[in-house]
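**Q** the following block contains a protein sequence and its predicted model.
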Amino acid sequence: MPKAKKLSSWMLFAFVFFVYAVSMSKTIAFWDSSEFITSSFTLQASHPPGAPFYTILCNVILSFFPASMAAYASNLISAFFGALTVTFLFRIVTNIAERVLSLPKSNHAPTVAIVSGIIAALTLAFSDSFWTASTETEVYTLSFALMTGMIHVMLVWERTQDKHKEVTLLLLLAFMLGISTGVHLILLSIVIPFSLLIAHKKFGLTIKSFCISLAIGLVSFFFIYIFMVQGIIKLTNSLDIWLVNSYKMPLNTGIIIFLLLVSISISFTLVFSRKHQKITMYYSTLGIIFFLIGMSSFFMSLQRSSINMLVSDSMSNSQKMLQYVRAEQFGVSSIPLLTGPVYNAPLDKDVGFLDGKPAYTYNPDQKKYIKVHDGKFKIVNYASEFKTFFPRMFDKSDAEKYKAWTPIFGEPIKYPVQNEVVTINKPTFSENLSFFINYQVIWLNLRYLYWNFIGRQNDHQGLGYIKDGNWISGINLIDKHRIGDQAIIPEHYKNHKGNDGFYFLPFILGILGLIALWKHKQYFWTTLLLFLTFGIGITIYINPVPSSILIRERDYIFIGSFIIFALWVGLSVVALFQFTKFIANQKIRFIIVGCIAFLAAPGQLFAKGWDNHQRSHDNFACNFGKAYLDACPQQAILITDGDNMTFPIWYLQQVEGYRTDVRVINFDQLNIDTHIDNLKRKIYDSKPIKLTLPKDLYISGTEKLFPLQEEIKEAANLPILFNFLNDKTTRINWNGSLRHYIPSTSFSISIDTTRIKKIIDPTTVNTSYTSTITWNHPKKFYGLNEIVLMNILTNNIQDRPICFAINSKKRQNIGLEPYFIQHGMVNILAPIQRKNPQLNPKIVDTEMMYPYIMNQVDFKGLNDENTFLKSENKDYARNILRQNYYFLAQALLEEGKTKKAIEVLDVCNSLFPNKTIPYKQFSFAIGKLYIRAGKTQKGVETCTIAMQNIWDELQWMTSFDPPYPIINLRHAYRLKDMYAQMMMQFPNGIENAPISKQTFQQFDAVFQKWQHRNWPY
């Protein structure tokens, strides 16, 4: 590489790494960040399908840092590989630009190639999704570095004429591909576009060779993924079951034997092919060896299975490993691809269930694999009339959400269901395709692309509303048809720091860059196929459902395609240089083109993205996790639900050693047998949890759902219920197999009030202890996690505090709310009830919460309007933190402690003011509390601001006919209903509400017409 290119590439790396290091957070962030730091620091497997190579690499690096710097060092690792990806992209673009430049010999041709590389590299570096991924701990920047590294290797291979070097580069590629399986399995799909470069070099790129190479690429991907990755583990497991069960060999003997057989076979093939001059066979075998060496990082998960930590399932054998790689925990293997049933498909009228393969699980007590399912009636068989090609709407739980993204009327089909003929409207193929285009292509894939190269409205989670997460251009004439006119958008949306419009300029440059490749078909089609593979190809393969973005945005999975688009943006310099031939002076021409490209793309992205990518001040996730732990008494059991409520706490305990006496239980993971077994062990300073569930009830492979067959009207006493579940004679025939069932929808636990550890003096909160906890929890099916949780409650409530994280969800509470005492950011379960049923049923431990809220928790910085606040930080402050202050102030008022109640409300409004955390429902309730406390003016002011925010949003939503009308109409209806209730409850009477009753009635008439005009059903 010429000196100028080398110097430019390393200067790019240093500059980009510096920017990332300055802008990144010094501690943990939400989502998977804290989980990856924890798994890397403790060398344990992360969530399925795993990233063992990433974990090992980070663990080696973190060994040079103290625990207090683990998060900072992990974020720097992401920044390093992000900068390395940028450097690789620079080299890729300069490589391609040199080949496509059709310029007469001049001194500017090499410079144009270098500038193209710089523009591409900086465009990627400062694109929204990539900048974010590079400033927090995730596997993605390492996977992007591998991706761009492999593209660079392939381009070097394509140019070289040295046969020996060709082989060396292909072996390096095989090794990198193997490593990539231990970072992110989706990288395997890179073999599909690479097939075009191979075809071009070896045979020339004709229509015939294009089609053949594409078919070979697809076959190669599925061969590597299904046979070499999953198939090897599956064969190993089958061998292990046979050896352990038939010959009483030790567990994992199958792995050792399989490795020996593979080693012998490969060695024989190498010797044979070399001796008989079978060159292709020889080098293909070497390629397999290098791939397997790269893939060998998965052995780490097996080697570390005995540590029994908290993050992921313990993989003690090849069967667990297969379930892990397949991500069976998340149901990935059940997602249809080319054919399958629609979401409302009934069971086949003749054969509702088909036989499948028996399921085996290793039992350490019996030291063999036991059959946990005979395979009978294992596979659900849907009616063939309701199966379709390319099923995009398949998930029953998302039925209503499908109808929100596209109007579904369906084709009426009469079909017998439970001996009664009913009419079912099967979604038509065109409606199925409409959902694919509206949601999967436009909302997911293209919206994320447009975020990065056209502009982004804000960082709010986009669920289809005009107010959250849309792409924008910054040109009101274009944007107003999608998100409304700028003149009516409320200020806190309009002035959001993440509101960055790029006027289509980077996007236009990307299209120009693609056009510049048209005459060089191998690069045109290879880059286009790379773009499609890591964009729409991923969308088709994972077949996302609407609820996939209810948790978080998924733009990071498409960054591979954004890298290619940034490559095209860089190559636009070549196109512009060729389009401006009318400028005779090449030097002036070069300066003009370079300045246009720089200002239109990376310069603009950097300038506008700087403020909303400054995360150095953000320590909210860390403080959020500490607040949960600080609220727990000693040796408490803390029930959490969701990644953001669990991962920060795991990080604090396992990395920083903070409050390790608390046993944190993720409600979702109570479905996993190894997690249930880990409860029985001491972990750090947390004592073992008592459990009486028999292993047969929760061992891997057994049914995780318990149907309801109501046989008793009174509450089921839990100790008796568990004896009932432990009895194999009490099972019923359910769809052809014997299943345990639940006989009641209500449950009870007897309490020895003389022995139970007293958490609170009941007289201080007008309550008394009760000898029985009885609650209702009606469901058609009860999950294994609910049964395990009930067993934990039964066996530990007398001895340890059992806490439930307050996280705006109720799933993990399983109906126990009447027995909750709010204790900071957790609810403690206690056999306690109000003496007077007329009193507020909400019980708050004010003696604990007042000093906790006022002095202990740290949520400073959320009131600074000059710093960028991530959307989840604001959401949690509005929906979780603000209500904690409200409930404490309400309880203090009920106790007659008015002064303290006002102090709490003042602190709440000071920490979470309207200017940064806009007032809504809970703020309206806070305003009413102010009035109850005697602060009428302040209360009316708070209520008025909350109502005005909702009114402004309502006016905005109804000011035009929005896209995705079903979603936006439903939200507008909720806002209108909320506002009407606030008017009725306005402290000074409805006649003094900010909007008069007459004005609201006039608006309501307009609203009805707007609703009628937009509602498609």
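**A** Ah, there it is.

**Q** quick check, Met782 in a strand?
**A** If you look again at residue 782, you'll see it is Tyr, not Met. Yes - per DSSP: H, G, I helix; E, B strand; the rest coil, Tyr782 lies within a strand segment.

**Q** check which helix or strand the closest residue to it other than its chain neighbours maps to.
**A** Using C-beta to C-beta, 6 or more residues apart in numbering and skipping the chain neighbours, the partner closest in space to Tyr782 is Phe706 (4.5 Å). Bear in mind the C-beta positions are built from the backbone N, C-alpha and C, glycine included. For Phe706, the host element (DSSP states H and E) is strand 705-707.

**Q** same for that strand, what does it pack against?
**A** Judged by 3 or more C-beta pairs under 8 Å, 6 or more residues apart in numbering; DSSP states H and E, the packing partners of strand 705-707 are strand 781-783, helix 784-796.

**Q** can you list the ones you listed in a markdown table and add mean neighbour count?
**A** What follows is the helices and strands packed on strand 705-707, written out as a markdown table (neighbours: other C-beta atoms under 10 Å):
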| stretch | mean neighbour count |
| --- | --- |
| strand 781-783 | 17 |
| helix 784-796 | 22 |
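
**Q** can you add distance to Ser273 and give the ones you listed back as TSV?
**A** Output for these, formatted as TSV (distance: least, C-beta to C-beta, whole Å):
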stretch	distance to Ser273
strand 781-783	54
helix 784-796	51
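
**Q** before we move on, back to that, other residues contacting the strand holding Phe706?
**A** Strand 705-707 is contacted from outside by 725, 732, 734, 739-742, 780-784, 787, using C-beta atoms under 8 Å, 6 or more residues apart in numbering.

**Q** how close does Ile773 get to Gln822?
**A** Between Ile773 and Gln822 the computed distance is 17 Å (C-beta to C-beta, to the nearest Å).

**Q** still on that earlier bit, distance between the strand holding Phe706 and the chain's centre?
**A** Strand 705-707 has its C-alpha centroid displaced from the chain centroid by 27 Å (C-alpha atoms, centre = their mean, to the nearest Å).

**Q** that one pairs with which strands, parallel or anti?
**A** strand 781-783 (antiparallel) (DSSP bridges).

**Q** average model confidence for the partner strand?
**A** Strand 781-783 shows a mean pLDDT of 94.

**Q** which residues sit against it?
**A** Taking C-beta under 8 Å, 6+ apart as the rule, strand 781-783 contacts Asn671, Lys704, Leu705, Phe706, Pro707, Leu708, Ile742.

**Q** ditto for stretch 150-164
**A** Contacts to stretch 150-164, defined as C-beta under 8 Å, 6+ apart, come from residues 88, 91-92, 95-96, 99, 165-166, 169-170, 172-173, 176-177, 180, 187, 190, 194, 197, 200-201, 522, 530.

**Q** same question for stretch 960-970.
**A** Residues from elsewhere that reach stretch 960-970 (C-beta under 8 Å, 6+ apart): 403-405, 407, 438, 443, 463-466, 480-482, 484-485, 957, 1010-1011, 1013-1017.

**Q** what about the strands in the stretch 751-900 of the chain?
**A** 767-769, 772-776, 781-783, 802-805, 820-823, 826-829, 832-834, 843-844 (DSSP state E, counting those that start in this stretch).

**Q** among the contacts of stretch 150-164, name the buried ones.
**A** Buried subset of the contacts of stretch 150-164 (neighbour count, 16 or more other C-beta atoms under 10 Å): 88, 91-92, 95-96, 99, 166, 169-170, 172-173, 176-177, 180, 187, 190, 194, 197, 200-201, 522, 530.

**Q** mark which of these are part of strands, please.
**A** Among the buried ones among the contacts of stretch 150-164, the subset assigned to strands under DSSP state E is empty.

**Q** circling back: any idea of the mean pLDDT in the strand holding Phe706?
**A** Per-residue scores along strand 705-707 average to 92.

**Q** list the pairing partners of whichever helix or strand comes after it within its sheet, with orientation.
**A** Per DSSP H and E, strand 705-707 leads on to strand 716-717 as the next helix or strand towards the C-terminus. Strand 716-717 sits in its sheet next to strand 746-750 (parallel), going by DSSP bridges.

**Q** mean confidence for the partner strand?
**A** pLDDT averaged over strand 746-750 gives 95.

**Q** residues near Gln44, how many?
**A** Look at Gln44: counted by other C-beta atoms under 10 Å, it has 22 neighbours.

**Q** meant to ask about Asn470
**A** 22.

**Q** so what's it closest to, chain neighbours aside?
**A** In this structure, Asn470 finds its nearest non-sequential neighbour in Gln457, 4.4 Å apart by C-beta to C-beta, 6+ apart.

**Q** tally of neighbours for the one you found?
**A** Gln457 sits with 25 neighbouring residues when counted by other C-beta under 10 Å.

**Q** list the contacts of it.
**A** Asp468, Gly469, Asn470, Trp471, Ile472, Ile483, Tyr493, His496, Gly498, Asn499.
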